[in-house]
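A.B. asks: Provided below for reference: sequence and predicted model.
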Amino acid sequence: MRIDKFLKNSRLIKRRTVAKDACDQGRVSINGKVAKAGTEVEVGDNVHIAFGNSSIEVKVLLLTESSKKEDAVNMYQVL
């Protein structure tokens, strides 16, 4: 699954276009490597997202094409 789609489906970022912009600006990395919006993410990958002065790192646990808001939290684990 593309990283921009994962970020949107997991509700880490609200809109896919915002996720794409974050990737284009170099704010998203997968396993320590800067990721473009089309970079594939897999179960077990560590994703780091920088938001201004704060950042979050999560481990991918589940990939689904769509998810309900209640199920989105099960897609990742905060590290």
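C.D. replies: Structure's in. What do you need?
A.B. asks: All the strands of the protein, in order from the start?
C.D. replies: 28-30, 33-34, 46-51, 54-60, 76-78 (DSSP state E).
A.B. asks: Quickly list what S29 is bridged to.
C.D. replies: With DSSP bridges as the criterion, the beta-bridge partners of S29 are V34, H48.
A.B. asks: Quick one: the helices in this protein, in order.
C.D. replies: Counting by DSSP state H, the chain has helices at residues 3-9, 16-24, 69-72.
A.B. asks: From E42, how far off is K5?
C.D. replies: 13 Å (C-beta to C-beta, to the nearest Å). C-beta coordinates here come from the backbone N, C-alpha and C atoms, glycine included.
A.B. asks: Now do the contacts for E57.
C.D. replies: 46-49, 78-79 (C-beta atoms under 8 Å, 6 or more residues apart in numbering).
A.B. asks: Go through the lowest-mean-pLDDT helix or strand in the chain and flag the buried ones.
C.D. replies: The weakest-scoring helix or strand in the chain, judged by mean pLDDT, DSSP states H and E, is helix 69-72 (a mean of 82). Under the neighbour-count criterion of 16 or more other C-beta atoms under 10 Å, helix 69-72 has A72 buried.
A.B. asks: tell me which strands and helices it is in contact with?
C.D. replies: Judged by 3 or more C-beta pairs under 8 Å, 6 or more residues apart in numbering; DSSP states H and E, helix 69-72 is in contact with no other helix or strand.
A.B. asks: hmm, back to that, quick one: which of K5 and E42 has more around it?
C.D. replies: K5 (18 against 11; other C-beta atoms under 10 Å).
A.B. asks: Contacts only, for the residue nearest to that one when sequence neighbours are not counted.
C.D. replies: Excluding its sequence neighbours, the residue lying closest to K5 (C-beta to C-beta, 6 or more residues apart in numbering) is R16, at 6.4 Å. Shown in contact with R16 (C-beta under 8 Å, 6+ apart): 4-5, 7-8.
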